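Asks: Predicted model, plus sequence, below.
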Amino acid sequence: MTIRTRFTLLFAAIVGIILFFFSFSIYFLSENFRQNDFHARLQDRGIARFKFFMVSDTNNIDNPASHFREEMLHSVSNERIAIYNASLARIYSDSGTIELSADELKGISAAQPWSSESNTGESIGFLYHFQNQDFIIVTSGFDQHGMNYMANLRRVLFFRGFILLLIIFISGWLYAGQFLKPIANIVQQVESISFSNLNKRLLNKNASDEIGRLTATFNNMLERLEKSFNAQKRFVSNASHELRNPLTAINGQIDVALLKDRSVEEYKQILKTIAQDNRNLRTLTNNLLELASSDETLIQHFEELRIDEILWNVHDEMAKQHAGCVVNIQFEKVPENEKYITCKGDRKLLETACTNIIDNACKFSNQKPVEVKIGYEKTMIVVQFIDQGIGMPEEYLHHVFEPFYRGSNALGIRGNGIGLPLVQRIVQLHSGSIQIQSGLNKGTKVEVRIPNLSRF
């Protein structure tokens, strides 16, 4: 069932229920008014007839009653009356008058009249005080005019209600169609968008209403999808290129080595070169796998770690890889509590992030000293990596976290452009942030902030 149909049915049901209760209230109030009015008329007619009876000749009561009916009671059909004195003895009655039992007569008082309703008509009995005596008057009749009015009212409410319900259904259908038209336009526009035209955006005529906000949300989503799709295309293209290079180099060196017999020293040199290419390929593959891993996989081994211990472990490892590069680690201020420099994290991931940053600093600074400063600010650990290398222009800073992106001034220097994107993801997994400040031939400063345990 479509939203338009559901909306129309719901709208018709709600208005139909309201219309039903409104019509029922009108009918109920009208019936209650008719009944009260008819009982009042019966009571007035009964009193008038009682007075006529009391002032008439008691020895010839048939004639005055007949005269009374002819002159006064022509508007009430099938009218009957019975009169009882204080001793509950009937002193007058018409033929066919309802007879009340003694208990029913005793129950009639000035505050509590008696009434009854049947298919033949309605009856009312009440106490009437006349000439210092109490009498009980029971009068009945059939309200032909009132019943005709109520029957006509029922027909009007039923047929008019049915017509109104039909009008409501049609109006709801048209209104729902008009209301859902912008959504239908959005669906039509979205269906025309595919991977080949992700740059297309939805038209947004009114950005202030809910449909406008929905359209803006779709456009924002399309923009994110376009960026992700383009980044994925660049990632696949660059990854295939970067993986192909070391494999091609390894294969080429093996082919060259097999062209002729060589000395042991030549074979050792070729094997060393192949081993270096293989290490580079392994590093690239591991970084790609970590970059492609899910967040849940990467954060499942979090524990409490001191950031200075992580950095010293990386320092020792980098001393083996870059023997000529000096890495100085120092505290900006000594922490009063080790919680200020302790975080929740994964040791391997944090070591990978620090290794990549220091490795870049060593590679691009031509073996100049690299400064690592450890500090803290309230709930954050702040680590700064400062080198005196070639730096990068400001326009490059907007792309440093894109996988495989490398500036033109980095050509000829070993690397694959995947280190900083991996660092950024690791820092974000630890609820931290990373900022880079750099200038061409002015060195680079990388600042990493990670929440510490001072809150606990």
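Replies: Done, it's in. Residues are numbered from 1 along each chain as shown.

Asks: roughly how far is stretch 247-264 from the heart of the chain?
Replies: Chain-centre distance of stretch 247-264: 63 Å, with Cα atoms, centre = their mean, to the nearest Å.

Asks: quick one: average confidence on that stretch?
Replies: Across stretch 247-264, pLDDT averages out at 84.

Asks: same thing with stretch 23-30?
Replies: According to the model, stretch 23-30 has a mean pLDDT of 91.

Asks: next one: stretch 137-155
Replies: Across stretch 137-155, pLDDT averages out at 88.

Asks: For it, buried residues please.
Replies: 137-143, 146, 150, 153 (16 or more other Cβ atoms under 10 Å). For the C-beta atoms, the positions are set from N, CA and C on the backbone; glycine is no exception.

Asks: In JSON lines, list those residues along with distance to residue 330.
Replies: What follows is those, written out as JSON lines (distance: Cβ to Cβ, whole Å):
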{"residue": "137", "distance to residue 330": "115"}
{"residue": "138", "distance to residue 330": "114"}
{"residue": "139", "distance to residue 330": "114"}
{"residue": "140", "distance to residue 330": "113"}
{"residue": "141", "distance to residue 330": "113"}
{"residue": "142", "distance to residue 330": "111"}
{"residue": "143", "distance to residue 330": "107"}
{"residue": "146", "distance to residue 330": "104"}
{"residue": "150", "distance to residue 330": "100"}
{"residue": "153", "distance to residue 330": "97"}
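
Asks: ok, those vs residue 95, which is closest?
Replies: Nearest to residue 95 among those: residue 140, at 12.2 Å, using Cβ to Cβ.

Asks: Which members of the buried residues of stretch 137-155 are the farthest-apart pair?
Replies: Longest distance between any two of those is 30.5 Å, between 137 and 153; criterion Cβ to Cβ.

Asks: Can you flag which of the buried residues of stretch 137-155 belong to strands?
Replies: Counting by DSSP state E, the buried residues of stretch 137-155 place 137-142 in strands.

Asks: Past the helix or strand bottoming out on mean pLDDT in the chain, which element shows up next along the chain?
Replies: Ranked by mean pLDDT, DSSP states H and E, the weakest helix or strand in the chain is helix 62-72, scoring a mean of 46. Heading C-terminal from helix 62-72, the first helix or strand you meet, by DSSP states H and E, is strand 77-84.

Asks: next helix or strand past that following strand?
Replies: strand 90-93.

Asks: Show me what that following strand is packed up against.
Replies: With contacts taken as 3 or more Cβ pairs under 8 Å, 6 or more residues apart in numbering; DSSP states H and E, strand 90-93 sits against strand 77-84.

Asks: Show me where the stretch 201-350 of the chain dips below the pLDDT cut-off.
Replies: Applying pLDDT under 70 to the stretch 201-350 of the chain picks out residues 207, 231, 234-235, 237-242, 245, 287-300.

Asks: in the stretch 151-300 of the chain, which spans are helices?
Replies: Counting by DSSP state H, counting those that start in this stretch, the segments of the stretch 151-300 of the chain that form helices are 210-257, 264-292, 295-298.

Asks: Just put the ones you listed in JSON lines and tack on mean neighbour count and distance to residue 177.
Replies: Shown next, in JSON lines, are the helices of the stretch 151-300 of the chain (neighbours: other Cβ atoms under 10 Å; distance: least, Cβ to Cβ, whole Å):
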{"stretch": "helix 210-257", "mean neighbour count": "14", "distance to residue 177": "15"}
{"stretch": "helix 264-292", "mean neighbour count": "14", "distance to residue 177": "47"}
{"stretch": "helix 295-298", "mean neighbour count": "11", "distance to residue 177": "44"}
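
Asks: Could you dump the ones you listed into CSV and include distance to residue 30?
Replies: Formatted as CSV, the helices of the stretch 151-300 of the chain follow (distance: least, Cβ to Cβ, whole Å):
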stretch, distance to residue 30
helix 210-257, 44
helix 264-292, 77
helix 295-298, 70
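
Asks: so which of the ones you listed gets nearest residue 195?
Replies: Between the helices of the stretch 151-300 of the chain, helix 210-257 lies closest to residue 195; by Cβ to Cβ that is 6.6 Å.

Asks: what separates that closest one from the chain centre, distance-wise?
Replies: The answer for helix 210-257 is 33 Å, by Cα atoms, centre = their mean.

Asks: quick check: angle from that helix to helix 264-292?
Replies: Per axes from the mean of the first three to the mean of the last three Cα atoms, to 10 degrees, the angle that helix 210-257 makes with helix 264-292 is 170 degrees.

Asks: And helix 210-257, what does it pack against?
Replies: helix 144-191, helix 264-292.
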